[in-house]
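Chemist: Quick check, what structure comes out for this input:
(one chain, ligands or ions: 1)
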Amino acid sequence: MFTPEIITCINKSVLCWLATSSRENIPNVSPKEIFVPVGKDLLLIANIASPQSVANIEENENVCVSLVDIFVQKGFQLKGKARIIRSSDTEYTIKAKPLQEMTGEKFRIISIIEILITSVKPIVAPSYMLFPETREADQIAGALKAYKVNDLIQAHKI
Ligand SMILES: Cc1cc2nc3c(=O)[nH]c(=O)nc-3n(C[C@H](O)[C@H](O)[C@H](O)COP(=O)(O)O)c2cc1C
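Modeler: Prediction:
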């Protein structure tokens, strides 16, 4: 399921957005920063402060995760079946390891959201499709402007 391109995108992404849905079809989308691909079709996300996502997954295993490089403006949408791995489960220690390495001592991982990815779709900014001459460098330049990156650097004296 995962291609080298998808793995690279996941590893480079600062954030992913996890969409879940309750039994009554009430949607919930929230950002996650601590996540890792495992093998050819598993995505693990650390539950640090995600009670609604976890509650929804317990009611409805269907989830969707979007990842976008906000500068290049390309990414992937991953859909799959999720389950919660708790600290009392035997597999917890081994599965929590790469996530705990990402957080260090900073955050306690309450449980793990494990997603078996069943479908993947590229996400591409419309400019790439509507204006075929669009280059990634153009999109990056546009995004740097849109996010006012220079202003932020100056304002925060970075
Ligand atoms: C930049 C950013 C990164 C976050 N990363 C994570 C994360 O990796 N794991 C987590 O459980 N919550 C993370 N959160 C917090 C949840 O998104 C937040 O608590 C949310 O309101 C609750 O999620 P829920 O609706 O899934 O319960 C992050 C929030 C932000 C703003």
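Chemist: what about the strands in this protein?
Modeler: Assigned by DSSP state E, the strands in the chain fall at 16-21, 27-32, 35-38, 42-47, 62-69, 74-86, 111-124.
Chemist: for these, which one sits closest to E136?
Modeler: Nearest to E136, of all those, is strand 74-86, at 7.8 Å by Cβ to Cβ. No exception for glycine: its C-beta is placed from N, CA and C like everyone else's.
Chemist: what's the angle from that closest one to strand 62-69?
Modeler: Our comparison of strand 74-86 with strand 62-69, counting by axes from the mean of the first three to the mean of the last three Cα atoms, to 10 degrees, yields an angle of 140 degrees.
Chemist: For strand 74-86, which strands pair with it and how are they oriented?
Modeler: Here strand 74-86 is paired, per DSSP bridges, with strand 62-69 (antiparallel), strand 111-124 (antiparallel).
Chemist: quick one: pLDDT of I140?
Modeler: Here the pLDDT value assigned to I140 is 94.
Chemist: and what of K106?
Modeler: 85.
Chemist: For L78, see how far away it is.
Modeler: K106 sits 26 Å away from L78, going by Cβ to Cβ, to the nearest Å.
Chemist: bridging residues for the residue nearest to V29 when sequence neighbours are not counted?
Modeler: Spatial nearest neighbour of V29, chain neighbours left out: A19 (4.7 Å); criterion: Cβ to Cβ, 6 or more residues apart in numbering. Bridge pairing for A19 (DSSP bridges) gives the partners V29, C64.
Chemist: coming back round to it: a markdown table please, covering the strands of the chain and showing mean pLDDT.
Modeler: Below are the strands of the chain laid out as a markdown table (pLDDT from 0 to 100):
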| stretch | mean pLDDT |
| --- | --- |
| strand 16-21 | 98 |
| strand 27-32 | 98 |
| strand 35-38 | 98 |
| strand 42-47 | 98 |
| strand 62-69 | 97 |
| strand 74-86 | 98 |
| strand 111-124 | 97 |
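Chemist: Nearest to H156, out of the ones you listed?
Modeler: H156 lies closest to strand 27-32 among the strands of the chain, at 21.0 Å (Cβ to Cβ).
Chemist: Is there proximity between the closest one and the ligand?
Modeler: Yes: looking at strand 27-32 against the ligand by Cβ under 6 Å from any ligand atom, the contacts come from N28, S30, P31, K32.
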